[in-house]
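K.L.:
Starting from these lines, generate the structure:
(chains A and B)
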Amino acid sequence: MSSVTALTHAPGQSRAVPRLLIGLAFFLTAIFVVAPMAFIFWRAMAEGWGAYVGNILDPLTLHATALTVLVAVIVVPINIAFGIAAAWAIARFRFPGRKLLVTMIEIPFSISPIIAGICYLLLYGRQGLLGPLLADANLKVMFALPGIVLVTMFVTAPFVAREVLPLMQAQGSEQEEAAVTLGARGWQIFSRVTLPNIRWALLYGAVLCTARAVGEFGGVSVVSGSIRGQTNTLPLQIELMFNDLNTTGAFAAASTLTVIALVVLVVKAALESRR
Amino acid sequence: MIPKLRIAALALLLGTTPALAQDKVLNVSYDIARELFEALNPEFQTYWKDKTGRDVTIDQSHAGSSKQARAILEGLPADVVTFNQETDVDVLAKNGFVAENWREAFPNGASPYYSLPAFLVRKDNPKGIKDWNDLARADVKSVFPNPKTSGNGRYTYLAAYAYALQQPGATQDSAKEFVSAIFANVPVFDTGGRAATQTFAERNIGDVLITFEAETQAIAQQYADQGLISITPPTSLFAAFPVAVVSENAERNGTTEVSTEYLNWLYSPQAQETLAANHFRTTDKDVSAKHAADFPEVKLLNVDDVFGGWDKIQSEHLADGGILDTVFVNR
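P.N.:
Next comes the predicted model:
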């Protein structure tokens, strides 16, 4: 508080305040972000490299990793397509229910994932609305990959749209209109004009979406059925091992999850540096 | 590495691909039984192969057993359940997923192994905690999970209540008073058994942890450097670990035979050995005799005898405004 007061009272006078704030930012990042992350790796290695590699390559943990990656690989492209389409429709057109659509897209932000999980369960579960129908058709949605994908999609739906939409609105449609007058066709406009304009927002949205998809726990926990080696995702596997007092195994799995997240961030940074 | 992942991903995409002459059982179980069944399942696979010449895959799902029951009602295709709460099997029975008389389908009330609430105390037992009445002392802080959210905590509550009812001249009121005295000295009510363990062993809170004997013994071993001691009180409450074939699913999956055999096999000397090694009390006479030294003598009370069954416990003790609530309020 005192530093904020100092800033308003004496703007631009002292260099102590910015230094203090920068120091504070570094300090807080260190204790809230860096230290827990370092602790994950330190704890995962507690029993040595051999045990760490063994834990990572444990068939069930490996399967959980593969499942988590697979879910992200399915969910992220769908959400990118959905996000671009939704943002484009909202930014470029005026239609009844447009505001409502914006609000609807944001719903997953404000709803706890566990509610999403329960809603899907009550809809697609055996006793749910569509349950008997699905059972007759012998389609497995809940407690199988489709259920996990659906819930993850719900939870991550807003990320791309919310990143791309403000940018599209700010840029307006002049460039696209110019392309039309120059004789460009729909797909050409999209790939040569629209996409390059929004690519950084799109990238950022995709990164957030991926990070959220691989980390999703609450909603997936309701619909996964936690069948080990089949429907247990990495976050669920971590919880399972932690509850089993298998702390080293849990932290090893957690380090895999952290590495996935870091790789995504590094890829983003690498792409950005080519900007 | 990469081909392995690819195969895993492919298998995921294609869903369950049943191999030829391959039996498959989905065992839906409680949250902390992972290592137990990791030890048991390969033994059964060998047994089944020797007996029938067929391979069997046993898939495991672990979560809180009430959550699991709910998931099965919503379509989790469990062939068998191995739970730690009878009431959760009853839920399945009421909905027609499990035979109404599931308790008679297997020996010992369909409980191949059992345990009981016991104590875990600090090094050298400085407070001299031996029996339930020690927990009611003002200088003893007890740690156990919240009976409202945890089946484990429920057993602790019921065991203390049952103990109080056994005392000479006991009445319902004296039992309530006794349990209130214990509850008054609980520093934290965690939501589950493992969280309570963390509170006691990692955060060093409390003089005694009350949980299943299988847990107190396992924790004493795991935290051997702390010198924690497992103490079985002279009187406690029988805690069943019920098993049942989910006939509704097993019949559809054509797994009734292997599922039934799997549960029956849990009573075999081989499985019972593994169970005893995991600190569970066993039903096989020879195995129990062999491990007698590991399990102190205890007078076990029974839920049906003391409380008149789980339905009555639900309505009199656990329901909103029931005895458990008054014990909490008086805290």
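K.L.:
Quick one: low-confidence residue ranges for chain A.
P.N.:
Applying pLDDT under 70 to chain A flags the ranges A:1-13, A:275.
K.L.:
how is it carved up into domains?
P.N.:
Chain A is divided into the following domains under automatic domain parsing: A:1-44, A:49-273.
K.L.:
Let me know the secondary structure of residue B:316.
P.N.:
On the three-state scheme (DSSP: H, G, I helix; E, B strand; the rest coil), residue B:316 is labelled helix.
K.L.:
Counting neighbours, what do you get for residue A:220?
P.N.:
A count of neighbours around residue A:220, defined by other Cβ atoms under 10 Å in any protein chain shown, yields 28. C-beta here means a position set from N, CA and C on the backbone, and glycine is covered the same way.
K.L.:
in what helix or strand does it lie?
P.N.:
Residue A:220 is part of helix A:218-223 when elements are defined by DSSP states H and E.
K.L.:
What's the local residue count around residue 214?
P.N.:
The chain I'm using is chain A. In terms of burial, residue A:214 registers 24 neighbours under the definition other Cβ under 10 Å.
K.L.:
let's do chain B instead
P.N.:
Neighbours of residue B:214 under the rule other Cβ under 10 Å: 24.
K.L.:
if we can go back for a sec, mind checking if the helix or strand just after the helix holding residue A:220 is in reach of chain B?
P.N.:
If you walk from helix A:218-223 toward the C-terminus, the next helix or strand you reach (DSSP H and E) is helix A:234-243. Yes: Helix A:234-243 lies in contact with chain B when judged by Cβ under 8 Å from any Cβ of the partner chain; the contacting residues are A:240, A:241, A:243.
K.L.:
ok, and the most crowded of those residues?
P.N.:
When neighbours are taken as other Cβ under 10 Å, the top entry among the residues of helix A:234-243 next to chain B is residue A:240 (26 neighbours).
K.L.:
residues in contact with that one?
P.N.:
Contact analysis of residue A:240 by Cβ atoms under 8 Å, 6 or more residues apart in numbering or on different chains lists A:226, A:228, A:232, B:31, B:34, B:62.
K.L.:
now residue A:182: how far from residue A:199?
P.N.:
Distance from residue A:182 to residue A:199, counting by Cβ to Cβ, to the nearest Å: 21 Å.
K.L.:
who's more crowded, these two?
P.N.:
Using other Cβ under 10 Å as the criterion, residue A:182 and residue A:199 rank with residue A:199 on top: 14 against 9.
K.L.:
Look at the more buried one and give its secondary structure.
P.N.:
Following three-state DSSP, the label given to residue A:199 is helix.
K.L.:
How much space separates the closest residue to residue A:195 other than its chain neighbours from residue A:88?
P.N.:
Excluding its sequence neighbours, the residue lying closest to residue A:195 (Cβ to Cβ, 6 or more residues apart in numbering or on different chains) is residue A:202, at 7.6 Å. Residue A:202 is 11 Å from residue A:88, where distance means Cβ to Cβ.
K.L.:
just so I have it, where are all the strands in the stretch 151-300 of chain B?
P.N.:
In order along the chain, the stretch 151-300 of chain B carries the following strands (DSSP state E, counting those that start in this stretch): B:208-212, B:229-231, B:235-237, B:239-240, B:243-245, B:281-282, B:299-301.
K.L.:
in what helix or strand does residue A:210 lie?
P.N.:
Secondary structure assignment for residue A:210, by DSSP H and E: helix A:195-215.
K.L.:
and the residue of the stretch 201-331 of chain B nearest chain A?
P.N.:
The shortest separation between the stretch 201-331 of chain B and chain A is 6.6 Å, found at residue B:222 (distances taken as Cβ to the nearest Cβ).
K.L.:
what residue lies at the spatial centre of the chain?
P.N.:
By default, I'm working from chain A. If you average the C-alpha coordinates of chain A and look for the closest C-alpha using Cα atoms, centre = their mean, you land on residue A:212, 2.3 Å from that point.
K.L.:
Sorry, I should have been clearer: chain B.
P.N.:
Taking Cα atoms, centre = their mean as the criterion, residue B:84 is the residue nearest the geometric centre of chain B, at 3.3 Å.
K.L.:
How about the secondary structure of that one?
P.N.:
Residue B:84, by the three-state scheme (three-state DSSP), is coil.
K.L.:
How about the contacts made by it?
P.N.:
When contacts are counted by Cβ under 8 Å, 6+ apart, residue B:84 is found next to B:30, B:33, B:65, B:151, B:152, B:239, B:241.
K.L.:
same thing with residue B:327?
P.N.:
Residues in contact with residue B:327 (Cβ under 8 Å, 6+ apart) are B:157, B:176, B:179, B:180, B:183.
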